[in-house]
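1. sequence plus predicted model, see below.
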Amino acid sequence: MLFRTHFVLALLSAAGLGIYGTFPIQPSDTVTAIPNYKDTTLMGKVVGITDGDTFRLFLADSSVVRIRIASIDCPERKQPFSTRAKQFTSDAIFSKQVRLAVQSKDRYGRYIAEVFYDQKNLGQELLRNGMAWHYVRYSSDPYLQQIEDGARAHKVGLWSAKDPIPPWEWRKGKRTSR
């Protein structure tokens, strides 16, 4: 209990030292109780990386929530570039304070959100480095498509492979092969 109290105090102290200033969303928008997900902002420390587009976030109220990065889809486990995408995400945000712009909650209970760290957007960085697809089923953002197209043209990351299979097709194939 004492550790949790000290940890929460450290988080609150860090917030007072200007960590919020590096993100595009203001600290006054931060909430941890989320009755309506749309337009909610969260801030916390990344405590676990599940895969390239999913991680766990420790909030100021000592709860841990699962986050799914909005508008992108990284390779699935056992799919080429899966490990590299997970490592990219880990290198970018593990054990760091991040700010989220929550869009919704999915059927698995994960918050779907844009993720901001070091004045960068994680989804955009994954696309730029060829570690993800723009998930057009859930996003029509032309800027994200432009980033993916640039990575494809330069054969960056997964685009260096011959005929990379999008994760949604990989998952569909896994379901039918069982």
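-> Ah, there it is. What you see is a predicted model; the values in this text were computed from it and never measured.

2. center of the protein, which residue is that?
-> Computing the C-alpha centroid of the chain and ranking residues by C-alpha atoms, centre = their mean puts residue 69 first, at 3.4 Å.

3. OK, contacts around the residue found closest to that one once you drop the neighbours it is linked to in the chain?
-> With sequence-adjacent residues excluded and distances taken as C-beta to C-beta, 6 or more residues apart in numbering, residue 69 is closest to residue 53, at 4.5 Å. For every residue, glycine as well, the C-beta is placed using N, CA and C. Neighbouring residues of residue 53 by C-beta atoms under 8 Å, 6 or more residues apart in numbering: 68-69, 72-74, 85, 89, 126, 132.

4. and those residues as a markdown table, adding pLDDT, distance to residue 156 and secondary structure?
-> Putting the contacts of residue 53 into a markdown table (pLDDT from 0 to 100; distance: C-beta to C-beta, whole Å; DSSP: H, G, I helix; E, B strand; the rest coil) gives the following:
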| residue | pLDDT | distance to residue 156 | secondary structure |
| --- | --- | --- | --- |
| 68 | 98 | 23 | strand |
| 69 | 98 | 18 | strand |
| 72 | 97 | 15 | strand |
| 73 | 97 | 17 | strand |
| 74 | 97 | 14 | coil |
| 85 | 98 | 12 | helix |
| 89 | 98 | 16 | helix |
| 126 | 98 | 11 | helix |
| 132 | 98 | 11 | coil |
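
5. just the strands from the protein, written as ranges.
-> Counting by DSSP state E, the chain has strands at residues 40-51, 54-59, 64-69, 72-73, 97-105, 111-117, 120-121, 133-134.
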